[in-house]
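S.K.: below are the sequence and a predicted model; questions follow.
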Amino acid sequence: MLKIEMEPSLSNCIYTITKREYADTLGRLLSDASENKKLKRKLEVLTLLLEKMDFKQLRQESERHLLAGKKVRFLFYLEKGTLRYKMQIEISR
């Protein structure tokens, strides 16, 4: 199962990071003439993420932890065709 990991910060919210990751993945696919199934799958998940995810909710969930000095990591993946995510929180040292 393909999992996409992203780490927002106070200066780069999860939406900004997702847009950058989408643009980077699309650029790599367009510049590489060979078939890359993993990159295509990643682009599909990122497209769904940009179309379906409630980024306002994700920002609210992550910002309170970031403001408290904690590290936040999101894992996005498809489970039986449904977009899912997990948020992991680590105490920064």
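M.R.: Cool, the structure landed.

S.K.: which of the residues in whatever helix or strand residue 62 lives in are buried?
M.R.: For residue 62, the element it lies in under DSSP states H and E is helix 55-67. Neighbour-count burial for helix 55-67 flags 58, 61, 62, 65, 66 (criterion: 16 or more other C-beta atoms under 10 Å). Using the backbone N, CA and C atoms, a C-beta is placed for each residue, glycine as well.

S.K.: ok, now stretch 72-82?
M.R.: Buried residues in stretch 72-82, counted by 16+ other C-beta under 10 Å: 72, 74, 76, 78.

S.K.: could you look up the SS state of the residue nearest to residue 66 when sequence neighbours are not counted?
M.R.: Leaving aside its sequence neighbours, residue 66 sits nearest to residue 10 (C-beta to C-beta, 6 or more residues apart in numbering; 5.2 Å). The three-state label for residue 10, taken from DSSP: H, G, I helix; E, B strand; the rest coil, comes out as coil.

S.K.: is residue 10 in contact with residue 69, as I believe?
M.R.: No. Between residue 10 and residue 69 there is no contact under C-beta atoms under 8 Å: 10.1 Å.

S.K.: what residues sit buried inside the longest helix seen in the chain?
M.R.: Assignment by DSSP state H gives helix 14-31 as the longest helix of the chain. Residues of helix 14-31 classed as buried: 14, 15, 18, 21, 22, 25, 29 (neighbour count, 16+ other C-beta under 10 Å).
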